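S.K.: missing the sequence, but the structure's below:
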């Protein structure tokens with residue numbers, strides 16, 4: 001499988017552009033009366049002329065929005081796409097969670113890309129591409145691919161985080177906070193599997209799906225501990241020591257064919273290293289995707305690793321990985 005190494009990117013705060021409402025009500029008051037969004041997680045509705053959808057412009061959209069999701073054991077698209085024509089964009093279509101609208105006309109005065117939210121439902125994200133020609137629209141989309149994908153990814157993440165906060169297991173969060181000084185929000189169903197001063201294992205396990213969060217803590221000395229080589233070796237040692245497999249002499253380790261990706265990101269004023277890739281079990285046949293957020297604590301006393309992973313041999317993995325990834329994104333210091 002051809003892997004895709006994630007580019008180093010700073011997650012930008014997406015501007016919120018709300019449609020004005022009647023009278024003198026504030027936009028936040030208007031949003032109270034909007035219906036809830038429809039559609040499944042990871043779906044994107046593309047509103048586009050049929051001819052453009054079947055041509056080069058449609059190919060550009062599919063390449064960017066439905067390309068291969070990185071570091072999964074089987075091919076899965078970044079988003080699942082379906083489309084509607086502008087004339088057919090009515091009724092329930094307007095309530096979809098993620099909408100990309102393509103406006104192509106010589107009469108358009110202001111071309112570009114606009115990100116807006118909660119126009120017809122909540123919590124909704126709309127990406128509007130305005131151009132005079134199909135070629136110009138394709139160039140706009142290609143030149144702003146990270147902006148477009150990040151806007152939709154962040155919207156999906158925000159919805160999952162909001163759900164985790166609303167239905168959180170406070171007991172688990174309090175235990176993690178007591179240990180490392182902060183914690184993600186864990187939705188109900190996640191339970192503490194192991195709790196030691198330097199390692200915690202929180203998981204939600206069903207018959208065919210295991211979603212886990214591993215939390216490691218070790219002393220901070222200098223910035224070289226955040227380098228790719230150091231972290232790969234350190235994570236291997238931590239997995240081997242703390243995450244055994246079902247068989248004798250088996251333990252969690254890296255996939256031996258595909259090296260993990262490495263990037264530096266900033267999210268809500270927290271600078272950190274992100275590593276993602278594929279894990280497997282030495283001397284066994286288990287495996288799946290993982291993503292780690294790695295950062296020192298504010299006092300520079302310890303390095304924290306938040307390690308989300310999925311084991312779901314009978315199912316596609318993308319949605320399960322997004323769910324546990326959103327949990328580690330929800331991390332807050334006390």
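M.R.: Everything's here; your move. On a predicted model such as this, the values are computed, not experimentally measured, just so you know.
S.K.: Domain map for the chain?
M.R.: Listed domain ranges for the chain are 27-164, 169-333 (source: automatic domain parsing).
S.K.: In JSON lines, list the ones you listed along with mean pLDDT.
M.R.: Formatted as JSON lines, these follow (pLDDT from 0 to 100):
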{"stretch": "domain 27-164", "mean pLDDT": "95"}
{"stretch": "domain 169-333", "mean pLDDT": "96"}
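S.K.: Export those to a markdown table and append columns for mean neighbour count.
M.R.: C-beta coordinates here come from the backbone N, C-alpha and C atoms, glycine included. Below are those laid out as a markdown table (neighbours: other Cβ atoms under 10 Å):
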| stretch | mean neighbour count |
| --- | --- |
| domain 27-164 | 17 |
| domain 169-333 | 17 |
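S.K.: Longest helix in the chain, by number of residues?
M.R.: helix 145-166 (DSSP state H).
S.K.: Contacts for it next, please.
M.R.: Here helix 145-166 makes contact (Cβ atoms under 8 Å, 6 or more residues apart in numbering) with 7, 9, 11-12, 14, 41-42, 44, 64-65, 78-79, 97-98, 100, 113, 115, 117, 123, 125, 127, 141, 184-187, 322-323, 325-327, 329-330.
S.K.: next structured bit after that helix?
M.R.: Toward the C-terminus, helix 145-166 is succeeded by helix 170-180 as the next helix or strand (DSSP states H and E).
S.K.: angle of that next one against helix 145-166?
M.R.: On the basis of axes from the mean of the first three to the mean of the last three Cα atoms, to 10 degrees, helix 170-180 is oriented at 110 degrees to helix 145-166.
S.K.: Would you mind pulling the contact partners of stretch 200-213?
M.R.: Residues contacting stretch 200-213 (Cβ under 8 Å, 6+ apart): 172, 175-176, 179, 184, 186, 189-195, 214-215, 242-243, 306-315, 320, 323-324, 327-328.
S.K.: Could you tell me which of those are located in strands?
M.R.: 191-195, 214-215, 306-311 (DSSP state E).
S.K.: May I see those residues organised as CSV, with distance to residue 59 added?
M.R.: Formatted as CSV, the ones in strands among the contacts of stretch 200-213 follow (distance: Cβ to Cβ, whole Å):
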residue, distance to residue 59
191, 46
192, 48
193, 46
194, 48
195, 51
214, 40
215, 43
306, 37
307, 37
308, 33
309, 34
310, 31
311, 35
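S.K.: Which of those residues sits closest to residue 84?
M.R.: Proximity of the ones in strands among the contacts of stretch 200-213 to residue 84 (Cβ to Cβ) peaks at residue 310, which lies at 32.0 Å.
S.K.: Quick check: bridge partners of the closest one?
M.R.: residue 211 (DSSP bridges).
S.K.: residues in contact with it?
M.R.: Going by Cβ under 8 Å, 6+ apart, residue 310 touches 209-212, 288-290, 317, 320-321, 324.
S.K.: what bridges to the closest residue to residue 194 other than its chain neighbours?
M.R.: Closest residue to residue 194 apart from its sequence neighbours, by Cβ to Cβ, 6 or more residues apart in numbering: residue 201 at 4.1 Å. Under DSSP bridges, the beta-bridge partners of residue 201 are residue 194, residue 214.
S.K.: And residue 201, how far from residue 187?
M.R.: Using Cβ to Cβ, to the nearest Å, one gets 17 Å for the distance from residue 201 to residue 187.
S.K.: And residue 175, by the same measure?
M.R.: 15 Å.
S.K.: Over to residue 147?
M.R.: Distance from residue 147 to residue 187, by Cβ to Cβ: 29 Å.
S.K.: And for residue 293?
M.R.: Using Cβ to Cβ, we find residue 293 at a distance of 18 Å from residue 187.
S.K.: cool, residue 206 as well?
M.R.: Going from residue 206 to residue 187 by Cβ to Cβ gives 14 Å.
S.K.: ditto for residue 162
M.R.: Remark: distance between residue 162 and residue 187 (Cβ to Cβ) = 11 Å.
S.K.: Equivalent analysis for residue 112, please.
M.R.: Here the criterion is Cβ to Cβ. By it, residue 112 lies 38 Å from residue 187.
S.K.: do the same with residue 259
M.R.: Shown here: residue 259 relative to residue 187, a distance of 32 Å by Cβ to Cβ.
S.K.: Repeat that for residue 41.
M.R.: Using Cβ to Cβ, residue 41 is found at 14 Å from residue 187.
S.K.: likewise residue 33?
M.R.: Per Cβ to Cβ, residue 33 is found 27 Å from residue 187.
S.K.: cool, residue 142 as well?
M.R.: Distance from residue 142 to residue 187, by Cβ to Cβ: 37 Å.
S.K.: helices or strands up against the lengthiest strand in the chain?
M.R.: When the chain is parsed with DSSP E, its longest strand is strand 270-281. Strand 270-281 sits against helix 228-242, strand 252-254, strand 261-267, strand 287-296, with contacts defined as 3 or more Cβ pairs under 8 Å, 6 or more residues apart in numbering; DSSP states H and E.
S.K.: so what strands line up beside it?
M.R.: Paired neighbours of strand 270-281 in the sheet (DSSP bridges): strand 252-254 (antiparallel), strand 261-267 (antiparallel), strand 287-296 (antiparallel).
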